[in-house]
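Novice: Structural data only, the sequence is not supplied:
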């Protein structure tokens, strides 16, 4: 058996290297002759960009020309040496954008969650997305820029479909689109991909249910499924309008999305509940936790100084590095009472008597810290990036969901027994202390998390490689038409066979009607005869 | 960047080798510390075994102890140096089995297809499976053998769920099961795996429809979906009875199947129509066409002697190597009239004036021949193995489906424009000639087939590696519980939310009733008052 060889016939070959002692290892040589291509990237700013950037940089290092479209008010995208950026004007200032984001942050931290939260969150989201739609318009109607982009003859477009610009451009340029996402509010992604999603065992967002629901829960979940339709309509009305106006055809955002070639989904079933998938859905959950670097000398000394008790990592994501003073005090008080040291990404005001076991940082190397053997717990807002870094490294969590999918993310980990969840609007040092002590001292949290981590990491191919493969596949084959279900050609009634059922019911009713009428006719005839005979 | 390295932390690492000229290649080193384990294998005899054998031998070569259960009347399983076999007694002779198979063969070749064929095929299938169930009983009630197997403490069971024995043993030994299959009649596999399968765009077996159906076709397809339930009941009644009796609990074959850890499915979407999949479904279509060997000197001379015209490969699968004399004559006559040479797996009577361009063989190296650059067409019965060897090698086909899934397989390739299909019961040399000339001379067949082949072969990991990975995954984690959807805990009514819909309708009707009654009450009150006033 050859050790490793490669073929140049445009075909991948896999060769096995014989087991050496206990370690059997597998070597996959891909020699698909990938010609360097051009990919247009339309990202979503903020934390969404952080994992997409990994794919963009990897594609770039593989020789592809990656052109990233960046709004001039960009928060996190910025410039990089590894890919080209093209800046475009937006009709609002950086301060206006920040004010919007601040409002969302404030609402999340200071208001009670539950149903009222959905309505509030929805309002905020609509405001935010409308702002983004305006930015998108700025780009689309910038004719010189659009012309220069079209002239570049891209092979594919990579976008986060949380915002509509990418899909509109893909359709306008007639190039295949690769989607990169955790999910779209109101499950527009599943609807657009024609993915079945029975409400009987797939909990809807914002419900806080698991995949095992009671009858009342299933009822509310079904109601939420209907409510989602309304939500979708409200949320994506401006997307639909823009697409129809710009592409000069009667279309909707869902229809545009349905033409996407491949969906790269930032989850897997160590985190999400098992559910049906479509052929063009590829799971790349954990794509963000591959790279780990050693800690700086200062950090290494700090965490090692924690002795046997270890340390806790605390961040509320890339968007939230401050807290109202009273709220922050609760955290400081809780941390004062634990033997662990704490690393906290915090830029807010610090009380004078701040406990000495807490180190505040403007930014912290989250994944590197979570990979340290002395880490004991991760206090997080429950963004999908942080969650996967926690799962990869097997660290139990205390979760403080703020907005978006974070509440549901938290619930998924709590139901698996690897995390505790608190609501940030009414968090106290006592509650925090109880939760922290639980996840640190109750061994079941760590044990379950290690099992989850083992399952997550045990995969035939790494998420980043999978994302690269499918993006290149779409470039090579100009889409992935063979993965597109014929369901796209059916309307809602046809998809659910309601026209067939209706027609069959009509036939059945006709047959019953004719039979009953005939029987009655015969019966009457006979009855009359017998009456006549009787009379006779 | 390191060229290739491996880690021993139980984690896979993927490292990229920088692109060399145009050829970027990827190297995946899997160093998951796989301890050699024990797998019990319960195969299905005949062609089903041919691809499962590939996985069994690969697992064996990776150090696992593979114990294959072989009925003493085995046709194809036999003994091998690469894995252990355990023979078990069956309550019928080799001749009786052969007579059964012969009857199925005869019916397929000599009777007209269509609906009447389903009923006939169903009868034959029930007779055949009942025979196999008896064989299974022989094994299950062989207490010394079963005890010795149980004592071996297997890590997993690998089985083809076309027959029930494997699932029953897995449940009895409480070990996780890995299924290896193309499909189960009446889609019991999809039902057992809780996989949605809307009849509006997923054609049912035996219908001959594509995924794009007209209204009448969708109506018949819906009818077939209901008919399948009856079919399943008829077909698997003896399976249900055996499982309930042997396991001493109220169960069914579908329920047992539902406990399978992973479904290794011998198809992909270069062949099947795109449809929903469940998380524990893994596609390994084309697993059988990895290995190709050079032709013998004699064969190489024969095929090279065909000059520019090339040659045609003709087999009707592992089970059919003979034809009635009159039928065979039609084939000889057709082959006489083409400029290609023909290699035919045929052991029947040969007419005196057999054409010289035809070489008859007892057995032929199908995949090696289909990989030869001079091959022009593949005449096949449309078994899934042959089909994938045709797709892998990009060879257009003339299909003569005999039984089982073959008719539908043929239809899938015809709808993709890469094959012509004929019915064997009324085949003539003229029809054959037309079909052969079409697929050989009309370039569109070859072009479309090359595209299909490119899509099929362009995959991030080879099917055999994927099958090995998931079998070992199940061994490592004692199942794949995280991929099991909660739908398994729901009954049919709950799954489809019919109880919720019913309850909501009841509430709605009650509200309407109360509202109408109240309105009528008020109306009457008002009306009476006004009447009184009028009277007054």
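Specialist: The structure has been received and is ready for your questions. A quick note: this is a predicted structure, and the numbers were derived from the prediction, not measured.

Novice: going forward, measure contacts between C-alpha atoms and count neighbours the same way
Specialist: Fine.

Novice: any weak-confidence spans in the stretch 1-150 of chain A?
Specialist: Filtered on pLDDT under 70, the stretch 1-150 of chain A yields the residue ranges A:1-34, A:111-121.

Novice: And the helices in it?
Specialist: A:47-61, A:94-110, A:115-140, A:143-151 (DSSP state H, counting those that start in this stretch).

Novice: how many degrees apart are the third one and helix A:143-151 in direction?
Specialist: What that stands for is helix A:115-140. 90 degrees (axes from the mean of the first three to the mean of the last three CA atoms, to 10 degrees).

Novice: Enumerate the positions of helix A:115-140 that are buried.
Specialist: A:117-118, A:120-122, A:124-126, A:129-140 (16 or more other CA atoms under 10 Å in any protein chain shown).

Novice: can you give me the angle that helix makes with helix A:94-110?
Specialist: 160 degrees.

Novice: Which residue ranges make up each domain of chain A?
Specialist: Residue ranges for the domains of chain A, per automatic domain parsing: A:1-33, A:38-289+A:462-480, A:297-457, A:494-535.

Novice: of those domains, which approaches residue B:305 most closely?
Specialist: domain A:1-33 (25.8 Å; CA to CA).

Novice: can you pull out the helices in the stretch 251-400 of chain A?
Specialist: Along the stretch 251-400 of chain A, the segments classed as helices by DSSP H, counting those that start in this stretch run A:253-258, A:297-304, A:325-336, A:366-370, A:384-393.

Novice: got a markdown table for the ones you listed, with distance to residue B:395 and mean pLDDT too?
Specialist: Formatted as a markdown table, those follow (distance: least, CA to CA, whole Å; pLDDT from 0 to 100):
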| stretch | distance to residue B:395 | mean pLDDT |
| --- | --- | --- |
| helix A:253-258 | 33 | 95 |
| helix A:297-304 | 61 | 92 |
| helix A:325-336 | 68 | 93 |
| helix A:366-370 | 50 | 93 |
| helix A:384-393 | 45 | 95 |
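
Novice: Same list (those helices) but as TSV, adding mean neighbour count and distance to chain B.
Specialist: Shown next, in TSV, are the helices of the stretch 251-400 of chain A (neighbours: other CA atoms under 10 Å in any protein chain shown; distance: least, CA to the nearest CA, whole Å):
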stretch	mean neighbour count	distance to chain B
helix A:253-258	20	14
helix A:297-304	14	22
helix A:325-336	17	33
helix A:366-370	22	16
helix A:384-393	24	10
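
Novice: Which one, of those helices, ends up nearest to residue B:41?
Specialist: helix A:384-393 (33.7 Å).

Novice: With chain B in mind, check whether the longest helix anywhere in chain A reaches it.
Specialist: As assigned by DSSP state H, the longest helix anywhere in chain A is helix A:498-535. Yes. Helix A:498-535 reaches chain B (CA under 8 Å from any CA of the partner chain) through residue A:500.

Novice: Mind listing what's buried along that helix?
Specialist: A:499, A:500.

Novice: chain center to that helix, what's the gap?
Specialist: Taking CA atoms, centre = their mean, to the nearest Å, the mean C-alpha location of helix A:498-535 is offset from the chain mean by 58 Å.

Novice: Near chain B, which residues of the stretch 351-500 of chain A? Just list them.
Specialist: A:455, A:457-462, A:465-466, A:469, A:473, A:477, A:482-487, A:494-497, A:500.

Novice: give me that answer again for 6 Å
Specialist: For the stretch 351-500 of chain A, the contact set with chain B under CA under 6 Å from any CA of the partner chain comprises A:483, A:485, A:486, A:487, A:495, A:497, A:500.
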